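Asks: I'd like to go over a predicted model; first the sequence, then the structure.
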Amino acid sequence: MSGLGADRSQSMLEAILESAAGAIIAIDENGIVHSVNPATEKLFGYAAAELVGRNVNILMPEPDHSRHDGYLKHHLATGERHIIGIGRETHARRKDGTIFPIHLSVSGFLVDQKHYFAGIIHDLSARTRLEAEIDRQALLFQTVFDHVPEALLIADPSFHVLLLNPAAERLLVGSDETLAGANLETIFADPQEFVHVGERLDALGAAREPATAPMMARLKGPRGETFPGEVIAAPISGASGMRTGLVILVRDLTNELRREEALLKSQRLEAIGQLTGGIAHDFNNLLTIVTGNLELMDELVTDERARDHARRAQQAADAGARLTNRLLTFARRRRLEPQDVNLNDQVRVMTELLQRTLGETVQLTTVLAADLWTARVDPSEVENAVVNLAINARDAMPNGGKLVIETSNSIFDGQAAGPEAAIVAGDYVRLSVSDNGVGMSRETLARAFEPFFTTKPPGRGTGLGLSTIYGFVKQSNGNVTIYSEVEKGTTVNIYLPRRRADVRPDAQRQPVWVTTAGEGMTILLVEDNPEVRAVALGRLQRLGYGVIEAYTAAEAISILESDAAVTAVFSDVVMPGGLSGFDLARWMRANRPELPVLLTSGFAEDIARGDEPDANQPPMLRKPYTQAELAKMLRQAMVVHGKR
Ligand code: ADP
Ligand code: MG
């Protein structure tokens, strides 16, 4: 203020104090406030008059005040200047009691030989809030970054990895090393694929897209293996809109792809099953006609050569029936007879036979779990499956090898990934058949369950082994998986449901075999196909039954409502006119419960309906059937109804 008059400099000083943004407080050496500016009033909530003459300690909480006071006393005692004029961060207290962060700088001066101090105070609340917010954001980011299951990388604009989260370390490099500092390229198995990804990333900023679409690529895992992955990147843009980096999300698609593949495979098998089942059904009807007519012919023809032809035709028809049988098994349209089965016992019984079948070059071992659960399954199908698997194993080991049959308990908790996911969570009994043979290629593995798929020369393979196993296991509410490696061997795992604890073991009911024929009894035969009906008619007559014929279920009902004397009903399931054999049986249960009914079907779902024994389930004769089977089933139906 040199060069100005004392009065003018005094008023300029006052103007500066009045207009200063910072709070300015002058105190004497005892800490008594001498003057404050308007900014002080505003900041602290006191009027100037309330402060002047009071000790400055009302504006400062402890321990800040004592510390500050100490500095001043020290200065006064020693004349050391270092605490004066240097700003420091401390705290202040408003009139309403709230404490807030401030920046305080102090200067000392002498007036009339007395020491005074002036403090200039800046409110740091806003800055502190901002810092806290930044801390919070950083913490939030760190927490998310460290704990998301997704692998995240942060890279600079030239694709150098700056940061990667633990998931990324696990997925891409393992725990020993780090990618930090490396180029993003290093995670790609194929550098060419990275070039494509890089182009997309470069285009990102220009296209102003929030993120790239997922990009598929083969990536490198921690042990040098590669895996199918998905990469998504989003630009990190500064306020200017300039790209300052990239966030890159990497996903492992292995399980997803495997699940998709398994689903596609089961859908394909489903479709083939429907087709096969339909054809097998039609063939069954044809074979029923062929077999029936051959039986009739057999009685009429006496010429030995003609009978020989008929016998050959019958043999072919039988072979055809066996084939359609297997196809129906694949199509899950077999009538299974599930029982409580100890698979260990069953394997033990079979081993001797198997060892003989397999020959000396194949060494058979069994590994049977000691506490194996009881399975709920049709034992004859299990036997069939084991034989088929053993033969496949033998074929896969032309120079001999090891065959291991293993049983164990296995629990699926619904979390299982891969093909095993095609199973309802629960307890299963596993039966595995392993060999150390040639194994299967990817292509073979993909198609092994398809009916008629075989890699064996004509005459050696039918391609029906695995497909029938697949069908029967699926129909039994289980699952079957194959693990195979070329030149190493193959394991087929069959998972069968554990017996439900509340299902009591079936009483071993022996069928009652009654040998007397059907004299004096009348069967109502319901069948729409005239040729099939003619065959059935002939058979029933030969068994000694009287027969009344009906074309449809409706017609059968009107006959049953008349006073026609009927002993039992033998009906096809699928018939025209809207009513099925099941409908007829239901009507009979309500209106003629005393009459036995036997249903017959070559079709699919009808037979499958009889999977679980059910009191209301009419007995089912599967087409094609022989006269002896018809006789037996009819008699059984009558015995159950107390007709004999
Ligand atoms: P088939 O034995 O009549 O060929 P399958 O349905 O039993 O029919 O098997 C289908 C195909 O699956 C076989 O032709 C073979 O290629 C492959 N396969 C099945 N079991 C094995 C095995 N244990 N080892 C290697 N390949 C197998
Ligand atoms: Mg086979």
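Replies: Received it, and whenever you're ready, just let me know what you need. Ligands and ions are numbered 1, 2, ... in the order given.

Asks: any chance you could map the strands in the stretch 301-450 of the chain?
Replies: Counting by DSSP state E, counting those that start in this stretch, the stretch 301-450 of the chain has strands at residues 339-341, 362-367, 375-377, 401-412, 426-435.

Asks: Tell me which other helices or strands the longest one touches.
Replies: Think strand 401-412. helix 343-358, strand 362-367, helix 379-396, strand 426-435, strand 489-497 (3 or more CB pairs under 8 Å, 6 or more residues apart in numbering; DSSP states H and E). Every residue, glycine included, has its C-beta placed from N, CA and C.

Asks: looking at the strands of the stretch 301-450 of the chain, which is buried most?
Replies: Using mean count of other CB atoms under 10 Å, the stretch among these with the greatest mean number of neighbours is strand 375-377 (a mean of 25).

Asks: circling back to that earlier point, of the helices and strands packed on strand 401-412, which stretch is the most buried?
Replies: Between the helices and strands packed on strand 401-412, the one whose residues have the most neighbours on average, counting mean count of other CB under 10 Å, is strand 489-497 (a mean of 23).

Asks: before we move on, the earlier item: among the helices and strands packed on strand 401-412, which comes closest to ligand 2?
Replies: Put simply, out of those the one that sits nearest ligand 2 is helix 379-396, at 4.4 Å, with distance taken as CB to the ion.

Asks: Centre of the chain to that closest one, how far?
Replies: Distance, stretch centre to chain centre, for helix 379-396: 30 Å (CA atoms, centre = their mean, to the nearest Å).

Asks: between the helix or strand where residue 466 lies and strand 426-435, how big is the angle?
Replies: With elements taken from DSSP states H and E, the one containing residue 466 is helix 465-475. Angle of helix 465-475 versus strand 426-435, following axes from the mean of the first three to the mean of the last three CA atoms, to 10 degrees, is 170 degrees.

Asks: Residues contacting helix 465-475, please?
Replies: By CB atoms under 8 Å, 6 or more residues apart in numbering, the residues outside helix 465-475 that reach it are 269, 273, 326, 329-334, 336, 378, 381, 384-385, 388-389, 391-392, 448-453, 479-480, 482, 492, 494-496, 608, 611.

Asks: Point out where the stretch 301-450 of the chain drops to low pLDDT.
Replies: Confidence mapping of the stretch 301-450 of the chain against pLDDT under 70 gives the ranges 412-423.

Asks: How about the residues of it by ligand 1?
Replies: Counting by CB under 6 Å from any ligand atom, the stretch 301-450 of the chain comes close to ligand 1 at 388, 392, 393, 396, 435, 437, 438, 439, 440, 444, 448.

Asks: can we see that at 5 Å?
Replies: By the rule CB under 5 Å from any ligand atom, the part of the stretch 301-450 of the chain lying against ligand 1 is 392, 393, 396, 440, 444, 448.

Asks: So residue 120 versus residue 126, what's the distance?
Replies: Applying CB to CB, to the nearest Å, one obtains 17 Å for the distance of residue 120 from residue 126.

Asks: quick one, what contacts the residue nearest to residue 148 when sequence neighbours are not counted?
Replies: For residue 148, the nearest residue in space outside its immediate sequence neighbours is residue 167; the separation is 6.5 Å by CB to CB, 6 or more residues apart in numbering. Residue 167 makes contact with 148, 149, 150, 151, 152, according to CB under 8 Å, 6+ apart.

Asks: In strands, which of those residues fall?
Replies: The strands, defined by DSSP state E, take in 151, 152 from the contacts of residue 167.

Asks: out of the contacts of residue 167, who has the most neighbours?
Replies: With neighbours set by other CB atoms under 10 Å, the maximum within the contacts of residue 167 is found at residue 151, which has 23 neighbours.

Asks: Kindly state the beta-bridge partners for that residue.
Replies: According to DSSP bridges, residue 250 are recorded as the beta-bridge partners of residue 151.

Asks: contacting residues for it?
Replies: When contacts are taken as CB under 8 Å, 6+ apart, residue 151 is in contact with 164, 165, 167, 168, 170, 171, 172, 249, 250, 251, 252.

Asks: where does the third one land on pLDDT?
Replies: The pLDDT attached to residue 167 in the predicted structure is 90.

Asks: tell me which element it falls in.
Replies: With DSSP H and E as criterion, residue 167 is part of helix 166-168.

Asks: Now the element after that helix, going C-ward?
Replies: Once the chain leaves helix 166-168, the following helix or strand, as judged by DSSP H and E, is helix 191-207.

Asks: For that following helix, give the mean pLDDT please.
Replies: For helix 191-207, mean pLDDT rounds to 79.

Asks: ok, now stretch 532-552?
Replies: For stretch 532-552, mean pLDDT rounds to 87.

Asks: Find the nearest non-adjacent residue to residue 361, please.
Replies: Counting by CB to CB, 6+ apart, residue 361 lies nearest to residue 400, which is 2.9 Å off, once chain neighbours are set aside.

Asks: Alongside ligand 2, which residues does this structure contribute?
Replies: Where proximity means CB under 5 Å from the ion, the interface of the chain facing ligand 2 comprises 392, 465.

Asks: Closest approach to ligand 1 from the protein, which residue is it?
Replies: Using CB to the nearest ligand atom, the single residue of the chain nearest to ligand 1 is residue 465, 2.4 Å away.

Asks: Model confidence score at that residue, please.
Replies: Spelled out, the predicted local distance difference test score at residue 465 is 91.

Asks: from the chain's centre, how far out does the helix or strand where residue 256 lies sit?
Replies: With elements delineated by DSSP H and E, residue 256 resides in helix 254-300, which encompasses its position. Relative to the chain's own centre, helix 254-300 is displaced by 29 Å; criterion: CA atoms, centre = their mean.

Asks: what about stretch 358-370, how long is it end to end?
Replies: Between the opening and closing residues of stretch 358-370 lies a distance of 26 Å (CA to CA, to the nearest Å).

Asks: Touching it from outside, list them.
Replies: Taking contacts as CB under 8 Å, 6+ apart, the residues outside stretch 358-370 that touch it are 344, 347-348, 351, 354-355, 390, 393-394, 397, 399-409.

Asks: distance of the residue nearest to residue 361 from ligand 2?
Replies: Taking CB to the ion, to the nearest Å as the measure, residue 400 falls 18 Å from ligand 2.

Asks: and that residue, how many neighbours?
Replies: Neighbours of residue 400 under the rule other CB under 10 Å: 15.

Asks: Can you name the residues that contact it?
Replies: 360, 361, 362, 363 are the contacts of residue 400 under CB under 8 Å, 6+ apart.

Asks: One more: residue 96?
Replies: Contacts were defined as CB under 8 Å, 6+ apart; by that measure residue 96 touches residue 45.

Asks: Can you list phi and psi of it for me?
Replies: Here is the backbone geometry of residue 96 (degrees, to the nearest 10): phi -80, psi 10.

Asks: The helices and strands packed on strand 401-412: which one's closest to residue 563?
Replies: Proximity to residue 563 (CB to CB) singles out helix 379-396 among these, at 44.4 Å.

Asks: Tell me how many other residues surround residue 137.
Replies: Taking other CB under 10 Å as the neighbour definition, residue 137 ends up with a count of 10.

Asks: Lovely, talk soon.
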